[in-house]
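>>> model the following, please.
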Amino acid sequence: MHSRGVVHRGFCRGHGGTKMISKFFKLALLSGGAALVLTGNAFATNGYLPNGYGTAAKAMGGAGSAMSLDTQAAVNNPAGMYALGNRVDIGVSLFNPNRDYDAQDSGFINSATGVGKHKSSKRLFLIPSMGVNFDRGDYTLGFTLTANGGMNTTYKNTVFAGSSGKTGVDLAQVLLGMTYARKLDSRNTFGITPTLAAQRFKAYGLQGFAGISEDSTKLTNNGYDYSYGYGVRIGWQGEMTDRLTLGASYQSEMIMTKLSKYAGLFADHGKFNIPPVINLGAAFKATPSVTIAADFQHIRYGDIPAITNSHNYAAVSGAKSQLGGSNDMGFGWQNVNVLKLGAQWKYNDQLTLRAGASHSDKPFKTSETLFNILSPATVNTHLTFGGAYALDARNTINVSYVHAFSAHISGGSNANLGGKVVDLRMDQNDFEVSWDYKF
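Here you go, the predicted structure:
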């Protein structure tokens, strides 16, 4: 909703503003490297995307397409950056995913060490975020750093037959966007965010799949590999009335270079693009102090062969029953729809309280449990709380807490498992704190 607050329009003009932009861009690049180190298991919630971006939106069930409260708006809806004025946001999340699987003895499961119930060992991760927005009068310019991840596990046991050592994968993605946002007229705002992306991946303990890999030397235990790419986000916000704001945004598919060290694991010889995302939202000012927001999100995992192609032998055949080849086997994920609902109550000039909830489809079917031992993204219902406390006119502290309720996906129809059941389970906690400074 468009409430720009105090704006210091002269701050970013001229040499001083250019120097500040340059310093922030350098800091963002350094932080991006740090984020790749820290986000080994960021946000395995709605598939591997978070319930929302930004401390405020996360506290409101992830709803942020029509109500922009910090510079992570560049991800939720780039148009929302226009309402923010001059500000800096720096945040960090402490993420706690609890993941385990329970497997019977059959198929590709190691009969000596893989059967029974096993937990992924790494459970605490720090995830940074940051953003800055510069008001230029008729338009705003902003830079935003965000992170994705979540296809991550670390099992101390050997899970799969024919393999050895620990088993796991580690995927982290960092995105740096530059946003241009402006008013189209008195009630409509447009924003666009060209985005650069980097990702890091490694896998280990998958030797047992060498027989179905197009290139078994590029399947597992090759350390970290990196890939880089680009995409764009566009968004619109419109004030339908003085109380109702609507928003819509689209993130294109992020085109990434191939993870060549894992060309024998991912379909299309190591190609692992970031999926497109569609957001639709509304924010309604129920009273002068209470705002209710709702979002619908559509994540198109089905556009990425390495993510969506089935690994169930009953569903694939011939040349499509390998790992690594053109349009070959993948993790069996499908498109995910998410409903988000949140509320904000401005108790007084200093204190704001927020709460929300979200519910999504599960990203894969019961027939796709084998590979997803590596990425048990089973959770789909979140409850959220948070708030903000203004220290003074320029400085505010924001907090959010997200709990993803324990959820299972159990499969017995995958031909790889000989009809036996693998039960995947996950629950999560996420605590985030951020500081925003208005200049």
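>>> use CA for all of it now, contacts and neighbours both
Fine.
>>> which parts of the stretch 301-439 of the chain are helices?
Assigned by DSSP state H, counting those that start in this stretch, the stretch 301-439 of the chain shows helices spanning 305-308.
>>> pLDDT weak spots in it?
For the stretch 301-439 of the chain, the stretches with pLDDT under 70 are 313-320, 412-420.
>>> and the stretch 1-150 of the chain, by the same measure?
Scanning the stretch 1-150 of the chain for pLDDT under 70 picks out 1-44, 105-107, 149-150.
>>> check the stretch 151-300 of the chain too.
For the stretch 151-300 of the chain, the stretches with pLDDT under 70 are 151.
>>> cutoff 90 now
By pLDDT under 90, the low-scoring segments of the stretch 151-300 of the chain are 151-152, 172, 212.
>>> do a quick rundown of the strands in it.
153-155, 167-183, 188-204, 225-239, 244-251, 255-256, 277-285, 290-299 (DSSP state E, counting those that start in this stretch).
>>> in contact with residue 381, which residues?
Listed by C-alpha atoms under 8 Å, 6 or more residues apart in numbering, the contact set of residue 381 reads 357-360, 404-405.
>>> if we can go back for a sec, can you list the strands of the stretch 151-300 of the chain in CSV and add mean neighbour count and distance to residue 123?
Formatted as CSV, the strands of the stretch 151-300 of the chain follow (neighbours: other C-alpha atoms under 10 Å; distance: least, C-alpha to C-alpha, whole Å):
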stretch, mean neighbour count, distance to residue 123
strand 153-155, 23, 9
strand 167-183, 24, 13
strand 188-204, 22, 18
strand 225-239, 22, 23
strand 244-251, 24, 30
strand 255-256, 19, 28
strand 277-285, 22, 27
strand 290-299, 22, 26
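>>> coming back round to it: which ones among the contacts of residue 381 are found in strands?
357-360, 404-405 (DSSP state E).
>>> quick one: which of these is nearest residue 56?
Among these, residue 357 lies closest to residue 56 (C-alpha to C-alpha), at 13.1 Å.
>>> and the closest one, how many neighbours?
25 (other C-alpha atoms under 10 Å).
>>> so which residue is smack in the middle of this structure?
Centroid check for the chain by C-alpha atoms, centre = their mean gives residue 49 as the closest residue, at 2.5 Å.
>>> what pairs with that residue across the strands?
For residue 49, the beta-bridge partners are residue 46 (DSSP bridges).
>>> phi, psi for residue 205 please.
Residue 205 adopts backbone torsions of phi 80, psi 20, taken as degrees, to the nearest 10.
>>> tell me the contacts of the residue nearest to it when sequence neighbours are not counted?
Distances taken as C-alpha to C-alpha, 6 or more residues apart in numbering place residue 167 nearest to residue 205, at 4.3 Å, with adjacent residues excluded. By C-alpha under 8 Å, 6+ apart, residue 167 lies in contact with 153-159, 203-206.
>>> which one of the residues you listed is nearest residue 119?
Nearest to residue 119, judged by C-alpha to C-alpha, of the contacts of residue 167 is residue 155 at 6.5 Å.
>>> now the closest one: how far from residue 349?
Plainly put, residue 155 is 48 Å away from residue 349 if you go by C-alpha to C-alpha, to the nearest Å.
>>> what does residue 380 give?
Remark: distance between residue 380 and residue 349 (C-alpha to C-alpha) = 35 Å.
>>> looking at the two, which is more packed in?
For residue 380 versus residue 349, the count of surrounding residues by other C-alpha under 10 Å is larger for residue 380: 24 against 10.
>>> now do the contacts for the residue lying closest to that one once chain neighbours are set aside.
In this structure, residue 380 finds its nearest non-sequential neighbour in residue 360, 4.9 Å apart by C-alpha to C-alpha, 6+ apart. Listed by C-alpha under 8 Å, 6+ apart, the contact partners of residue 360 are 46, 336-339, 380-381.
>>> compare those and tell me which is most surrounded.
That'd be residue 46 among the contacts of residue 360, by other C-alpha under 10 Å, with 27 neighbours.
>>> doesn't residue 382 make contact with it?
No. Residue 46 is not in contact with residue 382 according to C-alpha atoms under 8 Å; the separation is 9.8 Å.
>>> returning to what we had before: of all the strands of the stretch 151-300 of the chain, which one is nearest residue 130?
Residue 130 lies closest to strand 167-183 among the strands of the stretch 151-300 of the chain, at 9.8 Å (C-alpha to C-alpha).
>>> and the angle from the closest one to strand 225-239?
For strand 167-183 against strand 225-239, the angle by axes from the mean of the first three to the mean of the last three C-alpha atoms, to 10 degrees is 40 degrees.
>>> check contacts around residue 53.
Listed by C-alpha under 8 Å, 6+ apart, the contact set of residue 53 reads 62, 64, 72-73, 75-76, 146.
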